[in-house]
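> can't give you the sequence, but here's the structure:
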């Protein structure tokens, strides 16, 4: 039976020592997030995740969701009650505006709680996770009437949300979509079509489900510029907010899939369902990107979350399982064998996971903080800089954290040997669950293209230059002896990243395939640089706490783990740069029919 | 529904053009392997794999094996009939000695057929695969009576075999094992204990199962030097060869696991079962290594096999699935979108798999050929050199081919986007099935330790120096202009490998953890060098066929794919060398309790 302990101390250290979140007290909601309140909230979230959600993770995987003959879908046993506890605990609305029943706390806090929840039970966490994305979309693009109608119900957790984009013949290429919307006399639309891969599309956790659906209004242009977004509730709300008639939307099937069995992945049939336009007509893709960008960050968090819980279990197993002797002679001669943790190759795997998890968490929290600044800062310069940060780093977080998160789940499973393959230990579930994060919300190759093809050049590279500038400034300001072992490898990696950027910028216009061939390497390269930067900031903060006996051991651990990262993992940028500079040579030469 | 087409042409090219197998006609059985016979045999094997085994792969995964209340285990529907076709086709014995009913053909042919079978249906292929290992063990270590009793039945496929090593508390560390053997008056032993993770441990495909079981004879020394191996048949054979009484061995449970559901992974209970010693008393580990080395090669082949079939499906999907437009402008403006194969990032993934598969197959076949030489050559110098090759490269093949095979299955799944996660496409099964190969027959970290801790120094590094010498000689002899783009990167990689070897050899004696920390990198580094060497030999052979119109296109493809490997993948050795030179710094510093 797998274990999980929410890393509350780690989060607190990042909040107070690394991100120094007190500096943001001037932003709405931040003054409320005192260290005491943060600690209390995180401890409560930890309790929910460790005691309620995590114990349902394996059983949820084994049982899966069931679609009944009448089209109803039930989540695995225990999910409904767990969701009730989540909703009544007020977790859905901790960062939502107070005017709609939320607590108005920083979005940063929600992101941290999402990490805990996804570690404890990723399939479960997706039900509220998708609701958050839908909520934000309605808050930003909805009319005041739409906001009043849907947001309070979603904040209190009575209604959940979904996003309906994919159709059987189109995933990435949404310009091909066929679901149609017919204008009705009362201003509503009749929505007809089939959507697939709809996470949390139908279930029994909430009394209503608010579907956000991409469709094409009759007569709209073909392609992506003719797509609009609609709110299509499962049950039509009456004007007084009570539930009215069932809408003509139903779950046609649930997919048999590799993992996240506890979440219902639905085929959704819209048979002339009533919907209302949200956002501008034919600008559905823009509306979608609000939801998509939030979802992409959430998926990046899933990569970290599974890596964290897989690491915790592998570490515990490595400390407990007796097998073989240390290469340097028996460490526990009185026991039949030494624990696995004495073996350097096992250490290598544990350190690889650990070095990723701590920096990835810092990156996620730093970015969530930028998200708050982008929504809450008073003046536009800060907001714009924060938006730039989000635009640039969202594909990196989604692509790199899910790729590495999956690899780490595989490493954690590897530490178990043959036992890792057996369902009862739960390690193989982490691998199966983590796998989806590389595929959905835009497969990771699409993230790489988004980064290289759009984000680099956007606004004349303003976001990228700001990022380079920040890291470069940090390097200049931290050139002292103590930080040198960390800052020097970061300097080298940043040079590689700049060189790769120059190469891509020079070659992409004339030969776009050169950029395409290097896109994934470039995304991972930027990921390494930003994680290296996070490690420098973590280590810098840890150094100031070394004299505090209560945390000294833990802080020394950060100095060691940071060294591991900058010396063993970060130097991967050199190989990535070399590959990028090869352009598309050897990649595109083989005739398509030869594959 | 996944597809599979056995790569018969590829194998024929490797046999005749690359390995030039005709040079070995002086070895027993080789003269029979004419190109015509090889082609006919491979075509027959392809038919069995494509038409019989592959159609059972998904259904076998979904249904799994069933253990009934009386302890009987039944394989998935269709497996029994498929096994009958395999057995009556004579496939089990194609390389077995003619005196026991085999065909005496080179073991190389069996290895190739095993690749086809594991691509088509890995779970199925394990039933005969384990039998082959048991068969070889009895042939080498059995008494003439044991050989006469068991081998003919196994060669004809009526009886299958297993290996019983692991116990709940010991996998890698077999010195801990507790299964006991009590000497009986008639020379037999009473075997009592529990074994776990026994692949093909119980099933309904064959009339009897021959278990090879490690146990400790009463009074034997503790640890690994007190372990012996026993033959324990499921049904005791009568002196006339007919089946007698049921032995006291039974399947207590079958494991719920991540994949290879079509193969029964059993808990085996020995309750005073009758067994007979095979090999010398207390030398069971030596006897086991015959079986283990054969099994490790077989597992490496599984890595290649799943990578191949996953690649074939991903390539077909990439050619067919219309999504998005080429970065360089629409390639098929008359269709709603271009096929995925126009995208450089998709090409990168396809080329990565392809570049691995072709070289890995060459490596496997080259090594299988060395296996034949080691068993069949007349003079001892050749035999010894071939044995050295096997000893050195077995851990590399097992460790590197299964790591990369799994990564490739994941890449192939990635090309499908969200559809890769859906069971019906079959891609997620390849990932789940491929995962076990990194874990069983010694987890890959153990392979790395075997390579670095034992094989490098064995016989004063004789095997390693011979390998270096062969590659170096090849480089010197192929310095011409045409081969230069291939040979130059190989030269660099070989220098890195030599430097890493020198570093490890210098540091390991005083600081074994330094060697342990670099072991996995070293194994992969040697894997890259040997695959790079294979690519040089493939390209060299392909260049001589470029003027042959019938194959010119395919041969040009090898020149391109080889370039991809040596320019994009092989340079990974530099980073591996740098990491190895860090020794165990940062790897072992964290206190064990801090994990």
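Now that the structure is in, tell me what you want to look at. Since we're looking at a predicted model, the values are computed, not measured.

> distance from the chain centre to stretch A:530-548, please.
On the basis of Cα atoms, centre = their mean, to the nearest Å, stretch A:530-548 sits 24 Å off its chain's mean C-alpha point.

> anything in it sitting right up against chain B?
No: using Cβ under 8 Å from any Cβ of the partner chain as the criterion, no contacts between stretch A:530-548 and chain B are found, and the smallest distance is 12.2 Å. Backbone N, C-alpha and C define where each C-beta goes, glycine included.

> near chain B, which residues of the stretch 451-595 of chain A? Just list them.
The stretch 451-595 of chain A has residues A:453, A:512-513, A:515-517, A:519-520, A:553-554, A:557, A:560-561, A:563-564, A:567-568, A:571-572, A:574-575, A:578-579, A:582, A:584-595 near chain B, with proximity defined as Cβ under 8 Å from any Cβ.

> which ones are touching the nearest residue to residue A:153 once chain neighbours are set aside?
For residue A:153, ignoring the flanking residues on the chain, the nearest one in space by Cβ to Cβ, 6 or more residues apart in numbering or on different chains is residue A:159 at 4.2 Å. If you count contacts by Cβ atoms under 8 Å, 6 or more residues apart in numbering or on different chains, residue A:159 has them with A:131, A:150, A:153, A:206-210, A:233.

> again, only using 7 Å
Residue A:159 makes contact with A:150, A:153, A:206-210, according to Cβ atoms under 7 Å, 6 or more residues apart in numbering or on different chains.

> which of the residues you listed are buried?
The neighbour-count test (16 or more other Cβ atoms under 10 Å in any protein chain shown) applied to the contacts of residue A:159 identifies A:150, A:153, A:206, A:208-210 as buried.

> take the residues you listed and keep only those in strands.
Assigned to strands by DSSP state E, the following of these qualify: A:208-210.

> mind checking the longest strand of chain A?
Taking DSSP E as the criterion, chain A has its longest strand at strand A:265-278.

> which of the helices or strands spans residue A:157?
Following DSSP states H and E, there is no helix or strand that holds residue A:157.

> so it sits against residue A:89, correct?
No: the pair formed by residue A:157 and residue A:89 falls short of the contact definition of Cβ atoms under 7 Å, at 8.8 Å.

> is residue A:227 bridged to anything, and to what?
With DSSP bridges as the criterion, residue A:227 is bridged to residue A:216.

> same question, the one 5 residues further on
Counting by DSSP bridges, residue A:232 forms beta bridges with residue A:211.

> and it, how many neighbours?
Other residues near residue A:232 number 28, with proximity taken as other Cβ atoms under 10 Å in any protein chain shown.

> quick one: pLDDT of it?
Predicted confidence (pLDDT) at residue A:232: the value is 98.

> quick check: it vs chain B, distance?
Per Cβ to the nearest Cβ, to the nearest Å, residue A:232 is found 21 Å from chain B.

> do the same with residue A:352
Residue A:352 is 10 Å from chain B, where distance means Cβ to the nearest Cβ.

> what's the answer for residue A:305, then?
Taking Cβ to the nearest Cβ as the criterion, residue A:305 is separated from chain B by 18 Å.

> my guess is that residue contacts residue A:121. True?
No: Residue A:305 sits out of contact with residue A:121 when judged by Cβ under 7 Å, with a separation of 9.9 Å.

> so what does the residue nearest to residue A:153 look like in phi/psi?
Torsion angles at residue A:159 (phi, psi; degrees, to the nearest 10) stand at phi -120, psi 140.

> bridge partners for it, pull those for me.
Beta-bridge partners for residue A:159, by DSSP bridges, are residue A:208.

> which of the buried ones among the contacts of residue A:159 lies closest to residue B:173?
Comparing those against residue B:173 with Cβ to Cβ places residue A:206 closest, at 50.8 Å.

> check contacts around the closest one.
Contact analysis of residue A:206 by Cβ under 7 Å, 6+ apart lists A:157-160.

> on that earlier part again, the residues of the stretch 451-595 of chain A next to chain B, buried ones only, as a ChimeraX selection?
Here is the ChimeraX command that picks out the buried ones among those, judged by 16+ other Cβ under 10 Å:
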select /A:453,512,513,515,516,517,519,520,557,560,561,563,564,567,568,571,572,574,575,578,579,582,584,585,586,587,588,589,590,592,595
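
> now for residue A:527: which residues touch it?
When contacts are counted by Cβ under 7 Å, 6+ apart, residue A:527 is found next to A:396, A:400.

> quickly find the element holding it.
Under the criterion DSSP H and E, the helix or strand holding residue A:527 is helix A:512-543.
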